[in-house]
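Trainee: Structure, please.
(chains A, B, C and D)
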2 protein chains.
Amino acid sequence: MRILHDVSDRDPAEGGGLRGRKKRETRASLVAAAVRLAAEHGAENVTVDAISEAAGVSPRTFFNYFDSRDEAFVMMGAESSGRVRRAVLAAPAEVPPLAVLRDALAAELGEVEQQHELWRLHSEVLRRSPHLLARSIGAHVEDEFTLAETLAERIGAGSPLFTGDRPPLGTAEGQLRRQALELYPRLLAAVGTTAVRVAVEHWCVRQDEATFEAVFRTAFDHLAAGLAEPAAPAVPVDEA
Amino acid sequence: MRILHDVSDRDPAEGGGLRGRKKRETRASLVAAAVRLAAEHGAENVTVDAISEAAGVSPRTFFNYFDSRDEAFVMMGAESSGRVRRAVLAAPAEVPPLAVLRDALAAELGEVEQQHELWRLHSEVLRRSPHLLARSIGAHVEDEFTLAETLAERIGAGSPLFTGDRPPLGTAEGQLRRQALELYPRLLAAVGTTAVRVAVEHWCVRQDEATFEAVFRTAFDHLAAGLAEPAAPAVPVDEA
DNA sequence: CGCAAATATGCAGAGACTGCAAAAATATAT
DNA sequence: ATATATTTTTGCAGTCTCTGCATATTTGCG
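Mentor: Just a heads-up that it's a prediction; the model follows:
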């Protein structure tokens, strides 16, 4: 039994065939049209009919790609998840997890600056509609879960938790250790994603005072310092 | 000029008068009705008409309290923000910020267990509708911002950044320090909120393996340890 | 009680969204 | 190339969400 009405139900969306390509093109086209129209007229004043017409498809087709109108304003960067995942898995084994995550996210944020123009409009749209900002943040929780799994995979490979000697999982310490093991990647992914969001928001308000790179690193330095009170500029997570 | 159609426009919602009380009662009544109906029939199958009737108001009135139907499923715990704020400001001056936040959140989570029954239904509803889960998470970003301001206020009181000698803000070091000062409370609030969310989600899945209190503390211990790889059970943030 | 402000309600209408069935496009086999 | 199966698009009808406006009801206060 298949779930109906979900265009991205399986492969063809990622396949190299004509179907997959057209599908990705249509989706991107709808997102771009939605963002551009919202930037110009305000998100509330953009109808599904308008978006569909601008993208060259029927209004009914719009709902084959998105469950709601707002989703079209929020579904940017859907491919980032995969790239970050690859970057995390490709990192050298000796780098600590937090640094791995930091660098993977930094690389992706660099990629994003290619689409500069559309992302600029996008942030403008979100800034003017708190409603959509909330929606956008919530939408990224899905990616966060995937990221947690990737981090768990990455950590599992070279972690002393798996390689060295350890107490059997049946014991009390084993239970504690196992709980921490499952909680840690989840927390790391969630906190990392959150740090990116805060850094972006912070930087958007004061673009003239510092580069995004600086804000981003400061945020992760805070994390590495255990979020201790910053009596002095936070210490970097590594010097390598 | 006032924004129309927003019932919580100002005071009366919090005032002790009859107006404020009835308003809070109606809102709570609508939320409770929405959650209960959603738990029974599934959130998608609950119409505004049904919620309104169960709460004893007209459908039109529903939209005087919520901007969208889904908001009624998500607007639980709206009063938590204020209580956490008070707890943060009331904490002894010598406790480090992360510990202050941790304890304030822990106290509030204890409070929540009073409404046990409704919260149980609520989490059930969110679990069965990822769409609403995303919405719920996004909705709490507003509170997160308030919390950041509270933390900044609290830190500003006893922080060496304000009490001791410091370089003038015009200098380069001053700029860096100021940026960190503004970023830190924001990051602390966001990360703390995130940690609570992850702890709750993690605990919901494995309620039998550990108490929520334990999961919660483990999460904050990870934060205090700079999210370092947990080779051994994470070290507590304080021993006091 | 009588007046002013806040709130609730009804109504009409635009727009969001869904199920269904037919048409068009694409893949696969002969 | 033609036929067939699968996927995607589209139109249509209908329900539900949400808003503006006018009106009635309730509450606060002198």
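Trainee: What residues does chain A have near DNA strand C?
Mentor: With C-beta under 7 Å from any atom of the strand as the criterion, chain A meets DNA strand C at residues A:4-5, A:17-19, A:22, A:46-49, A:60, A:63, A:67-70. Where you see a C-beta, it was placed from the backbone N, CA and C, and this is true even at glycine.
Trainee: which residues are in contact with the strand or helix carrying A:Asn64?
Mentor: A:Asn64 is part of helix A:59-65 when elements are defined by DSSP states H and E. When contacts are defined by C-beta atoms under 8 Å, 6 or more residues apart in numbering or on different chains, helix A:59-65 is touched by residues A:His5, A:Val7, A:Thr26, A:Arg27, A:Leu30, A:Val48, A:Asp49, A:Ile51, A:Ser52, A:Ala55, A:Arg69, A:Ala72.
Trainee: how distant is stretch A:223-230 from the center of its chain?
Mentor: 23 Å (C-alpha atoms, centre = their mean, to the nearest Å).
Trainee: Tell me if that stretch is near chain B.
Mentor: Yes. Judged by C-beta under 8 Å from any C-beta of the partner chain, stretch A:223-230 and chain B are in contact via A:Leu223, A:Ala224, A:Ala225, A:Gly226, A:Leu227, A:Ala228, A:Glu229, A:Pro230.
Trainee: same deal with stretch A:140-156?
Mentor: Yes. Using C-beta under 8 Å from any C-beta, stretch A:140-156 comes into contact with chain B via A:Val141, A:Glu142, A:Ile155.
Trainee: Now do the buried residues in that stretch.
Mentor: A:His140, A:Val141, A:Asp143, A:Glu144, A:Leu147, A:Ala148, A:Thr150, A:Leu151, A:Ala152, A:Arg154, A:Ile155 (16 or more other C-beta atoms under 10 Å in any protein chain shown).
Trainee: residues touching the fifth one, list them.
Mentor: Yep, that's A:Leu147 we're talking about. A:Ser81, A:Val84, A:Arg85, A:Val88, A:Ala189, A:Gly192, A:Thr193.
Trainee: what's the answer for the fourth one, then?
Mentor: If a contact means C-beta under 8 Å, 6+ apart, then A:Glu144 has A:Ala189, A:Ala190, A:Thr193 as its contacts.
Trainee: how far does stretch A:140-157 sit from the chain's center?
Mentor: Distance, stretch centre to chain centre, for stretch A:140-157: 11 Å (C-alpha atoms, centre = their mean).
Trainee: What of stretch A:54-70?
Mentor: Chain-centre distance of stretch A:54-70: 23 Å, with C-alpha atoms, centre = their mean.
Trainee: and A:Asp70, how many neighbours does it have?
Mentor: 19 (other C-beta atoms under 10 Å in any protein chain shown).
Trainee: Which segments of chain A make up each domain?
Mentor: Here the domain parsing of chain A from automatic domain parsing is A:11-74, A:80-224.
Trainee: is it possible to export these to CSV including mean pLDDT and distance to B:Leu101?
Mentor: Output for the domains of chain A, formatted as CSV (pLDDT from 0 to 100; distance: least, C-beta to C-beta, whole Å):
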stretch, mean pLDDT, distance to B:Leu101
domain A:11-74, 93, 29
domain A:80-224, 85, 14
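Trainee: Among those, which comes closest to DNA strand D?
Mentor: Of all the domains of chain A, domain A:11-74 sits nearest to DNA strand D, with 3.2 Å by C-beta to the nearest atom of the strand.
Trainee: Most neighbours of all the contacts of A:Leu147, which one?
Mentor: Most surrounded of the contacts of A:Leu147: other C-beta under 10 Å gives A:Gly192, at 28 neighbours.
Trainee: That one and A:Gly138: what is the separation?
Mentor: Here A:Gly192 is placed at a distance of 17 Å from A:Gly138 (C-beta to C-beta, to the nearest Å).
Trainee: do the same with A:Leu105
Mentor: To A:Gly138, A:Leu105 is 19 Å away according to C-beta to C-beta.
Trainee: Now the element after the longest helix seen in chain A, going C-ward?
Mentor: In chain A, with assignment by DSSP state H, the single longest helix is helix A:172-205. Per DSSP H and E, the first helix or strand lying C-terminal to helix A:172-205 is helix A:212-224.
Trainee: Summarise which helices and strands that next one is packed against.
Mentor: helix A:97-112, helix A:172-205, helix B:172-205 (3 or more C-beta pairs under 8 Å, 6 or more residues apart in numbering or on different chains; DSSP states H and E).
Trainee: okay, now the nearest residue to A:Leu98 once chain neighbours are set aside: neighbour count?
Mentor: Spatial nearest neighbour of A:Leu98, excluding adjacent residues (C-beta to C-beta, 6 or more residues apart in numbering or on different chains): B:Leu227 at 4.8 Å. Residues within reach of B:Leu227, counting by other C-beta under 10 Å, total 25.
Trainee: swap in A:Ser29?
Mentor: 16.
Trainee: Remind me which helix or strand it belongs to.
Mentor: helix A:18-41.
Trainee: in that helix, what counts as buried?
Mentor: Neighbour-count burial for helix A:18-41 [16+ other C-beta under 10 Å]: A:23-24, A:26-39.
Trainee: helices or strands up against it?
Mentor: helix A:48-55, helix A:59-65, helix A:71-74, helix A:116-128.
Trainee: Distance of the closest residue to A:Ala228 other than its chain neighbours relative to A:Pro230?
Mentor: Closest residue in space to A:Ala228, ignoring its immediate chain neighbours: B:Pro96 at 6.7 Å, by C-beta to C-beta, 6+ apart. Applying C-beta to C-beta, the value for B:Pro96 to A:Pro230 is 12 Å.
Trainee: Could you do A:Glu113 as well?
Mentor: 28 Å.
Trainee: More neighbours: these two, which one.
Mentor: Between A:Glu113 and A:Pro230, A:Pro230 has the larger neighbour count (other C-beta under 10 Å), namely 23 against 10.
Trainee: Look at the more buried one and give its secondary structure.
Mentor: Here A:Pro230 is recorded as coil under DSSP: H, G, I helix; E, B strand; the rest coil.
Trainee: For A:Ile93, grab phi and psi.
Mentor: Actually, residue A:93 is Ala rather than Ile. Main-chain dihedrals, A:Ala93, degrees, to the nearest 10: phi -70, psi -20.
Trainee: same check, this time on A:Ala225
Mentor: Backbone torsions for A:Ala225, taken as degrees, to the nearest 10, come to phi -90, psi 10.
Trainee: quick one: the helix or strand A:His131 falls within near DNA strand D?
Mentor: Here A:His131 sits within helix A:130-139, counting by DSSP H and E. No. Contact of helix A:130-139 with DNA strand D (C-beta under 7 Å from any atom of the strand) is absent, the minimum separation being 9.4 Å.
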